[in-house]
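A.B. asks: pasted the sequence and its predicted model underneath.
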Amino acid sequence: MFTATVHFTQHRECILRRLTADVSEPIPVEIEEIQNGFVTFILRAGPHTDTFQSELEAADHVEHVKRLDDGNLLVTKPSCGAYSAIYQNHGTLRRSNTVSGRQREYNILVFQREDLKHIIDDLEGFGTVTLGKLEEFRASTDSALTERQREVVAEALARGYYDWPRGITNEELATELEISRATLHEHLRKAERAVLSSAMADSHRRTGRRQFERIGIDHE
């Protein structure tokens, strides 16, 4: 299992490209769901929330915009291609991803190097890709999850929530578990963070200077 940081320059037209083109700092994006070619995400718009909301609501292809609070928007729109390229090649986006004009930074979890090669190949069909870093880790044998988090994750796995395409939506999964959508995402976020943090701590190979050793990948 590997975590990879991928820097991507988007060549396609995309509303996020236009929104963030003149913003000085990269805007964080947290992926909530990818289903049937549509992506739902939280846009950490900060002081740009009012402007972003107005432009997103005016765009015909944007399916849904909801203001969560003063600095965050929940958005559903067609994927511009990158998210589909990642998920259909067995990758999973971690929560910390950013967009700044044409530039994207994706933090991806993959099980095999070959999956990452396929992701890069697909992304290069409509953009320029640079692999930042690639680090290897294994899952911990000791559970880092609470009992409730294990129950939620087990149900999500059993119902195909982590499959591509997804076998169940987040709304349907929340209903099955008899919890709200917000509570579902809170459990999943904490579980994902706990598992990944535990795995990173357990199996990163360190150099004598106690720095993580990077694992190379051949890509032509």
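C.D. replies: Arrived safely. Numbers count the residues shown, from 1 in each chain.
A.B. asks: if you drop the residues flanking it in sequence, what lies closest to the residue positioned nearest the centre of the chain?
C.D. replies: Taking C-alpha atoms, centre = their mean, the centroid of the chain lies closest to residue 93, which sits 2.9 Å from it. Nearest non-adjacent residue to residue 93, counting by C-beta to C-beta, 6 or more residues apart in numbering: residue 31, 4.9 Å away. Using the backbone N, CA and C atoms, a C-beta is placed for each residue, glycine as well.
A.B. asks: go ahead and confirm that neighbour touches residue 82.
C.D. replies: No - the criterion here is C-beta atoms under 8 Å, and residue 31 misses it with residue 82 at 10.6 Å.
A.B. asks: more neighbours: which of those two?
C.D. replies: Neighbour totals were compared for residue 31 and residue 82, and residue 82 leads with 25 against 18 (other C-beta atoms under 10 Å).
A.B. asks: who touches that one in this structure?
C.D. replies: Counting by C-beta atoms under 8 Å, 6 or more residues apart in numbering, residue 82 touches 8, 10, 104, 106, 123, 127.
A.B. asks: mind checking which of these land in strands?
C.D. replies: 8, 10, 104, 106, 127 (DSSP state E).
A.B. asks: bridging residues for the second one?
C.D. replies: Translated: residue 10. Taking DSSP bridges as the rule, residue 10 bridges to residue 127.
A.B. asks: count of neighbours near it?
C.D. replies: Residue 10, neighbours per other C-beta under 10 Å, totals 20.
A.B. asks: so what's it up against?
C.D. replies: 17, 80, 82, 102, 103, 104, 126, 127.
A.B. asks: before we move on, what about the first one?
C.D. replies: Applying C-beta under 8 Å, 6+ apart to residue 8 gives the contacts 82, 103, 104, 105, 106, 123, 127, 128, 129, 130.
A.B. asks: make a markdown table from those and add distance to residue 170 and pLDDT to it.
C.D. replies: Listed next are these as a markdown table, based on distance: C-beta to C-beta, whole Å; pLDDT from 0 to 100:
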| residue | distance to residue 170 | pLDDT |
| --- | --- | --- |
| 82 | 20 | 91 |
| 103 | 28 | 95 |
| 104 | 23 | 95 |
| 105 | 24 | 95 |
| 106 | 20 | 94 |
| 123 | 25 | 96 |
| 127 | 28 | 95 |
| 128 | 32 | 96 |
| 129 | 29 | 96 |
| 130 | 32 | 95 |
